[in-house]
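K.L.:
with the input below, show me the fold.
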Amino acid sequence: MQSGSEDDWDEDWDDDSDSTFISDMSIASKMKLAGGAGFVILLLLSSMIFTNFGFYYGAGSLSVLIDVNEGKDPGDRTLNANILATSPTFGMLTKEGDYSIHFDGAKQSSGKFSVNDEGRGSISVDYDSFFANNGVYTLKIELGSESSSNMVTLNRFADSLAGEVISFDGVTEDGKAELPIDNEAFASINLQFTSSSADIYINPWVTGSAKVYHYEQPFNQDQGKDYWDDDSEHGGSAESGDLVETINFDIDSSGGTYTYSSGEKYDFFEIADSQASLLFLLDVQEFYDAEGSGDYTIVFDFTNDFGEDTSSKEGRTYWAWFHICETKSDGKCDGDK
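P.N.:
Residues are numbered from 1 along each chain as shown. So this is what the prediction gives:
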């Protein structure tokens, strides 16, 4: 009898154990499920909190874009760029970063920039602080652990200058000079700066002088370009003539001033966006009385205000020589006046 009771008790115990185990497993699963859901909610809350009140500073993404018109406007002398940054996933956006400008593998300038709460910022740097020579410049920025860069081509260095004498008919359709420049007129000269490192006209910042030489010669109406562009009929060089005027100029890319030895000062005409040359109006009355009628030429020398090369550069008018005299009503010279 006792043996039968013990067997019944053991069966009841086994049934209770199985029931308790199943019950316990069900509660554990529920706890795991609840814990998993709570963890997901915690992650979402943490992300929201960390993004706005983060426990560390940095940047999620970063980009920099140089102005698309950079270096194209004649008077532009400031590098401008816009910055866009985003906050890191679990942190706050760093508000201050570093920038550097590189040319030909060398760092030319560096500094700090800042972004606002929306992650927007800008950089403005004067060319004078980084410009070395014509070519490609790279702007690099760093914010937190993120970095970005952008490149731009800048051409502001000139190594030659040609002055086109547009008011002198040095060569007409028949290849001969037709009319001289009147001694009471302004001679219109287009200043065109170029560089061997850039196959375009340059709008530079330069200072220099224009020396006007006179060579005693009657107006050779029957002569063509071989005469007006040749020094051999004028003593072999511009300096073979008499120096009658020195004009000092200061050009700031799109404009500037030039001053005669008398102290008379003029402004260059401002260069428009589509222009590549600077109009220089030569006041003949400033020097004509020194030697009177004859063939004249202008020799330029200048130095660049920007860049590592500060050596003197040269230039010349073309036509190399042009004739100035007192003209009659028909536009031709009135003798040797």
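
K.L.:
what's the per-residue pLDDT of the closest residue to residue 281 other than its chain neighbours here?
P.N.:
By the measure of Cβ to Cβ, 6 or more residues apart in numbering, the closest residue to residue 281 outside its immediate chain neighbours is residue 186, 4.4 Å from it. In short, each C-beta sits where N, CA and C put it, glycine included. Here the pLDDT value assigned to residue 186 is 93.

K.L.:
please report how far residue 186 lies from residue 167.
P.N.:
Computed with Cβ to Cβ, to the nearest Å, the distance linking residue 186 and residue 167 is 8 Å.

K.L.:
repeat that for residue 325.
P.N.:
For residue 325 relative to residue 167 (Cβ to Cβ), the value is 14 Å.

K.L.:
anything in contact with each of the two?
P.N.:
Common contacts of residue 325 and residue 167, defined by Cβ atoms under 8 Å, 6 or more residues apart in numbering, comprise residue 181.

K.L.:
out of those two, which sits in the busier spot?
P.N.:
Counted by other Cβ atoms under 10 Å, residue 325 and residue 167 do not tie: residue 325 has more neighbours, with 22 against 16.

K.L.:
outline the domain layout of the protein.
P.N.:
For the chain, automatic domain parsing gives the domain ranges 2-53, 58-154, 160-325.

K.L.:
okay, residue 271: pLDDT?
P.N.:
74.

K.L.:
surely it is in contact with residue 255?
P.N.:
Yes: taking contacts as Cβ atoms under 8 Å, residue 271 lies within contact range of residue 255: 6.8 Å.

K.L.:
of the two, who's got more company?
P.N.:
residue 271 (20 against 16).

K.L.:
the more buried one in helix, strand or coil?
P.N.:
coil (DSSP: H, G, I helix; E, B strand; the rest coil).

K.L.:
so what pairs up with residue 137 in the strands?
P.N.:
residue 103, residue 152 (DSSP bridges).

K.L.:
buried set for whichever strand or helix holds residue 99?
P.N.:
Per DSSP states H and E, residue 99 falls inside strand 96-103. Within strand 96-103, the residues scored as buried using 16 or more other Cβ atoms under 10 Å are 97, 99, 100, 101, 102, 103.

K.L.:
where does the prediction get shaky in the protein?
P.N.:
Confidence mapping of the chain against pLDDT under 70 gives the ranges 1-40, 42-55, 170-176, 272-275.

K.L.:
let me see the ranges of the helices in it.
P.N.:
2-53, 225-228, 288-291 (DSSP state H).

K.L.:
residue 157 reaches residue 311, doesn't it?
P.N.:
No: with contacts counted by Cβ under 8 Å, residue 157 stays clear of residue 311, the gap being 11.3 Å.

K.L.:
out of these two, which sits in the more crowded spot?
P.N.:
Using other Cβ under 10 Å as the criterion, residue 157 and residue 311 rank with residue 157 on top: 26 against 7.

K.L.:
for the more buried one, give its distance to residue 130.
P.N.:
Counting by Cβ to Cβ, the gap from residue 157 to residue 130 is 13 Å.

K.L.:
what do you get for residue 196?
P.N.:
Taken as Cβ to Cβ, the span from residue 196 to residue 130 is 22 Å.

K.L.:
with residue 118 instead?
P.N.:
28 Å.

K.L.:
would you map the strands across the stretch 101-250 of the chain?
P.N.:
106-114, 120-126, 135-143, 146-154, 160-165, 181-182, 186-195, 198-202, 205-215, 242-252 (DSSP state E, counting those that start in this stretch).

K.L.:
so the strand holding residue 99 versus strand 106-114, what angle?
P.N.:
Going by axes from the mean of the first three to the mean of the last three Cα atoms, to 10 degrees, strand 96-103 is angled at 160 degrees with respect to strand 106-114.

K.L.:
re the thing from before, so residue 118 and residue 130 - more neighbours on which side?
P.N.:
Using other Cβ under 10 Å, the more surrounded residue of residue 118 and residue 130 is residue 130, with 20 against 10.

K.L.:
residue contacts, the more buried one?
P.N.:
Residue 130 neighbours (Cβ under 8 Å, 6+ apart): 79, 101, 103, 108, 109, 137.

K.L.:
so how far is stretch 144-161 off the chain centroid?
P.N.:
Relative to the centre of its chain, stretch 144-161 is centred 7 Å away, using Cα atoms, centre = their mean, to the nearest Å.
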